[in-house]
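Chemist: take a look and give me a structure for this.
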Amino acid sequence: KDRSPASINESVSMAPSYDQKKMLQTLSQIDSRSGKNKNHKPLSNGQHAYGRYALTPDTIRDTIKMSPDLKAKHGKALALQGDTIHKYMQDHVGLEDAIADKHLAHLERHFGNNIGDLGVAWLNGVTGTNKAKKSGQDLSNHWYAKRVKDLYGKGK
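Modeler: Numbers count the residues shown, from 1 in each chain. So this is what the prediction gives:
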């Protein structure tokens, strides 16, 4: 038999390519059952996360602040707190999706397309995730990373 490299057909297992839309769908599924459960538990500061992506008020404000187009259009949201920021989000259809998209893009700049790291960063932010990595924590075994990887792998 011919054993030259060109004659050997090996099946190469390739990881599925990363898809930001699929990642957002996964996060939404975990955080709110794809928008079916938006009554989020209070955060440690007493505020509540918003919507199907469970965006915290700080994440909403930080993302608007870092994005010139969002800041130009929604700059007044930077001063809002508590229920008033929730009302603002409700009154501006599509803003939640825009913020989630830009927030995930921000996390991707820090953690690439590593689905587990992105999941942990979605939950704990860039600083918390970097601190965990620096301390040697195995983020691949973090409970949220496991859920994200599992659901992302099952997604369409």
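
Chemist: just how off-centre is the host helix or strand of residue 122 within its chain?
Modeler: Here residue 122 sits within helix 115-134, counting by DSSP states H and E. Its chain's C-alpha centre and that of helix 115-134 lie 10 Å apart, by C-alpha atoms, centre = their mean, to the nearest Å.

Chemist: tell me what it is packed against?
Modeler: Secondary-structure packing of helix 115-134 (3 or more C-beta pairs under 8 Å, 6 or more residues apart in numbering; DSSP states H and E): helix 20-32, helix 95-111, helix 143-154. Using the backbone N, CA and C atoms, a C-beta is placed for each residue, glycine as well.

Chemist: swap in 6 Å and give it another go.
Modeler: With contacts defined as 3 or more C-beta pairs under 6 Å, 6 or more residues apart in numbering; DSSP states H and E, the packing partners of helix 115-134 are helix 95-111, helix 143-154.

Chemist: reformat those helices as a markdown table; add mean neighbour count, distance to residue 76 and mean pLDDT.
Modeler: Below are these laid out as a markdown table (neighbours: other C-beta atoms under 10 Å; distance: least, C-beta to C-beta, whole Å; pLDDT from 0 to 100):
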| stretch | mean neighbour count | distance to residue 76 | mean pLDDT |
| --- | --- | --- | --- |
| helix 95-111 | 18 | 12 | 97 |
| helix 143-154 | 16 | 32 | 94 |
